[in-house]
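1. got a predicted structure plus its sequence, pasted below:
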Amino acid sequence: MSKVFVPENYHSQLNLIETEVAIKMIKDYFERRLSEELRLTRVSAPLFLLKNTGLNDDLNGTERPVAFNSYELNNDDEIEIIHSLAKWKRDALYRYGFEAHTGLYTDMNAIRRDETIDNLHSMYVDQWDWELVIKPEDRTVDFFKQTVKKIYKALLDLDFLMIRHYPKLDKGLLPEKIFFITTQELEDVYPDLTPKERERAITKAKKAVCLMKIGDTLKSGIKHDGRAPDYDDWTLNGDILVYHPILDDAFELSSMGVRVDAKALAEQLKKAHAEERTELPYHQNVLNNVYPLSIGGGIGQSRLCMFFLKKAHIGEVQASLWDEDTMRICEENDIHLL
């Protein structure tokens, strides 16, 4: 059952055609600025992968991928629609032979059948997936923060572009600097709030936040949020969160992190009780130092458009499928689904 929140007195500032034109402008501009800031080359990406490679993203470890078989391949080989390209990208860095401090980005389109559908989530996911080769000495919090700041600079430039082209959208949305805080520090500040309530509180106060070190257990005995144990290093990752005034809530634009090396992978698989994955080709390549060290992440394309166009529902900036209740509520409240 989907959940739709309708903001009081909501009205989209752009009609359907204006929205589609703005979506194209946002995607073209930000893609170019992202590639410039991080020295990335665009590459082609798959829609599906063989299950037994271990290259599909397990997300929180509970989501079921859409799977099928092909008569042209071995019928025993299960094929999965990707959740994201978090692991595939690192394999691609190796196969393409990228050098240190260069990397790739791609348009990622995925299906997430178990996603809870609401204002921010649909079964269809579109994002820029990117990955950058780094050196051993780059596996630090400082390097992670520097990379976040480069992405944030591209976001600031986009914010300024929107002010110039769409004055009807009013003032810009982002502060000059992004605020960094770890999940443990956030729990210390707001011990009586749930993780999602903490995110809302800190983004409402700071407007743009990089929430770091996601995946491990906090002092309270809980995790701030789930993270797969085999791509991000839980001590060197983070989410870029902004405050969405229309929804009055935290709004995730990006999830990213320094990727696991052999040591971090072994430790995190043990914590996640997932040691059996060590036999998969991807995991063997990490454990045996075949793959280059890297940092990478995903930046939601529809999320970016929804935020900068001040939309109330992600269906206003992407074409997906919705249940009858969602379509009825949106139609009654001037929320125009594409």
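-> Received it, and whenever you're ready, just let me know what you need. Numbers count the residues shown, from 1 in each chain.
2. can you map out the helices along the stretch 201-338 of the chain?
-> 262-271, 281-287, 301-308, 324-332 (DSSP state H, counting those that start in this stretch).
3. in JSON lines: those, plus mean pLDDT.
-> Shown next, in JSON lines, are those (pLDDT from 0 to 100):
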{"stretch": "helix 262-271", "mean pLDDT": "95"}
{"stretch": "helix 281-287", "mean pLDDT": "93"}
{"stretch": "helix 301-308", "mean pLDDT": "95"}
{"stretch": "helix 324-332", "mean pLDDT": "89"}
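4. deepest of those helices, which one?
-> Neighbour counts (mean count of other Cβ atoms under 10 Å) averaged over each of the helices of the stretch 201-338 of the chain peak at helix 301-308, with a mean of 24. For the C-beta atoms, the positions are set from N, CA and C on the backbone; glycine is no exception.
5. can you list contacts of it?
-> Helix 301-308 is contacted by residues 22-23, 26-27, 30, 107, 120, 122, 126-128, 158-159, 162, 169, 173, 242, 244, 251-253, 311, 313-314, 316-318 when judged by Cβ atoms under 8 Å, 6 or more residues apart in numbering.
6. of the residues you listed, select the buried ones using a PyMOL command.
-> Selection of buried members from these for PyMOL, criterion 16 or more other Cβ atoms under 10 Å:
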select buried, resi 22+23+26+27+30+107+120+122+126+127+128+158+159+162+169+173+242+244+251+252+253+311+313+314+316+317+318
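7. coming back round to it: want to throw the helices of the stretch 201-338 of the chain into JSON lines with distance to Lys207?
-> Listed next are those as JSON lines, based on distance: least, Cβ to Cβ, whole Å:
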{"stretch": "helix 262-271", "distance to Lys207": "32"}
{"stretch": "helix 281-287", "distance to Lys207": "36"}
{"stretch": "helix 301-308", "distance to Lys207": "12"}
{"stretch": "helix 324-332", "distance to Lys207": "27"}
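8. which of those sits closest to Ile111?
-> helix 301-308 (14.0 Å; Cβ to Cβ).
9. still on that earlier bit, can you say which of the helices of the stretch 201-338 of the chain is nearest to Val6?
-> helix 324-332 (6.6 Å).
10. send me the closest one as PDB with only the CA atoms.
-> Extracted in PDB, the C-alpha atoms of helix 324-332 (Å, rounded to 0.1, in the frame of the first residue of the first chain):
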ATOM      1  CA  GLU A 324      -5.100   3.600  -7.800                       C
ATOM      2  CA  ASP A 325      -5.100   5.300  -4.400                       C
ATOM      3  CA  THR A 326      -1.900   7.200  -5.300                       C
ATOM      4  CA  MET A 327      -3.300   8.300  -8.700                       C
ATOM      5  CA  ARG A 328      -6.600   9.400  -7.200                       C
ATOM      6  CA  ILE A 329      -5.000  11.400  -4.300                       C
ATOM      7  CA  CYS A 330      -2.600  13.100  -6.700                       C
ATOM      8  CA  GLU A 331      -5.300  14.000  -9.100                       C
ATOM      9  CA  GLU A 332      -7.500  15.500  -6.400                       C
END
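11. quick check, Leu280 in contact with Gly54.
-> Yes. At 3.1 Å, Leu280 and Gly54 qualify as touching, with contact defined as Cβ atoms under 8 Å.
12. comparing those two, which residue is more hemmed in?
-> Neighbours were counted for Leu280 and for Gly54 using other Cβ atoms under 10 Å; Gly54 has more, 21 against 17.
13. contacting residues for that one?
-> Here Gly54 is in contact with Lys87, Asp230, Arg277, Leu280, Pro281, Tyr282, His283 (Cβ under 8 Å, 6+ apart).
14. strand partners of the longest strand along the chain, parallel vs antiparallel please.
-> Scanning the chain for the strand with the most residues, using DSSP state E, yields strand 232-244. Strand 232-244 has the following strand partners under DSSP bridges: strand 208-212 (antiparallel), strand 249-259 (antiparallel).
15. out of the ones you listed, which comes closest to Thr147?
-> Of all these, it is strand 249-259 that lies closest to Thr147, at 7.5 Å by Cβ to Cβ.
16. that's a helix at Arg198, yeah?
-> Yes. Looking at Arg198 with DSSP: H, G, I helix; E, B strand; the rest coil, it is inside a helix.
17. what's near enough to touch the closest residue to it other than its chain neighbours?
-> The shortest distance from Arg198 to any non-neighbouring residue, by Cβ to Cβ, 6 or more residues apart in numbering, is to Tyr190 (4.5 Å). For Tyr190, the contacting residues are Glu197, Arg198, Ala201, Ile202, by Cβ under 8 Å, 6+ apart.
18. and Tyr152, by the same measure?
-> Taking Cβ under 8 Å, 6+ apart as the test, what Tyr152 contacts is Leu174, Lys177, Ile178, Ala208, Ile240.
19. alright, calling it a day.
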